[in-house]
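Visitor: task: produce atomic coordinates for the following.
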Amino acid sequence: MVQEMADFIKHFGESTVIKDKMTSFIAEYVPIAHNPEALGENREIKQETRLSPKSIVSTRWIKQVMRRAAGQCTAHLIIRLQFPKVANQTIRDALIVAGK
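Guide: Reported below is the predicted structural model:
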């Protein structure tokens, strides 16, 4: 696979960027205490769930924070994972976000 990517880049030029396919899924009813912009939040999820260091690419709320209802305690989160295998493991074994 690495050799194929090197050959592709060699043919199309040094400015070519190859991105791996990400897997996204929705985590429902996540406590709003989770802050997707905080750098340590994804690291905490990885530690609590025992995921590899580069497995979570990003997390973001489905609905904008300003559109939440007054007193809302949970919301749905989109989690982007680097590898499909990790996504399957996460779905099978559960994911811990903000202690839930």
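Visitor: show me where the chain has its strands.
Guide: Assigned by DSSP state E, the chain shows strands spanning 23-31, 56-61, 74-81.
Visitor: adding mean pLDDT, write those strands out as TSV.
Guide: Converted to TSV, these look like this (pLDDT from 0 to 100):
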stretch	mean pLDDT
strand 23-31	88
strand 56-61	86
strand 74-81	90
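Visitor: relative to residue 99, which of these is closest?
Guide: Counting by CB to CB, residue 99 lies closest to strand 23-31 out of those; the figure is 7.1 Å. (Each C-beta comes from the backbone N, C-alpha and C, glycine too.)
Visitor: report the buried residues of that closest one.
Guide: Within strand 23-31, the residues scored as buried using 16 or more other CB atoms under 10 Å are 23, 27, 30.
Visitor: same check on stretch 42-56?
Guide: By neighbour count on 16+ other CB under 10 Å, the buried set for stretch 42-56 is 42, 45, 46, 49, 51, 55, 56.
Visitor: residue 79: which of these is nearest?
Guide: For these, the closest approach to residue 79 (CB to CB) belongs to residue 56, at 6.5 Å.
Visitor: the closest one touches residue 78, doesn't it?
Guide: No. The criterion here is CB atoms under 8 Å, and residue 56 misses it with residue 78 at 11.4 Å.
Visitor: any regions of this protein where pLDDT drops low?
Guide: 1 (pLDDT under 70).
Visitor: pick out the residue nearest the middle of it.
Guide: Centroid-nearest residue in the chain, with CA atoms, centre = their mean: residue 80, separated by 2.9 Å.
Visitor: distance check, it against residue 90.
Guide: Going from residue 80 to residue 90 by CB to CB, to the nearest Å gives 12 Å.
Visitor: residue 64 too?
Guide: Going from residue 64 to residue 90 by CB to CB gives 25 Å.
Visitor: in contact with the residue sitting furthest away from the middle of the chain, which residues?
Guide: For the chain, the residue at maximal distance from the C-alpha centroid (CA atoms, centre = their mean) is residue 11, at 31.6 Å. Residues in contact with residue 11, defined by CB atoms under 8 Å, 6 or more residues apart in numbering, are absent; none qualify.
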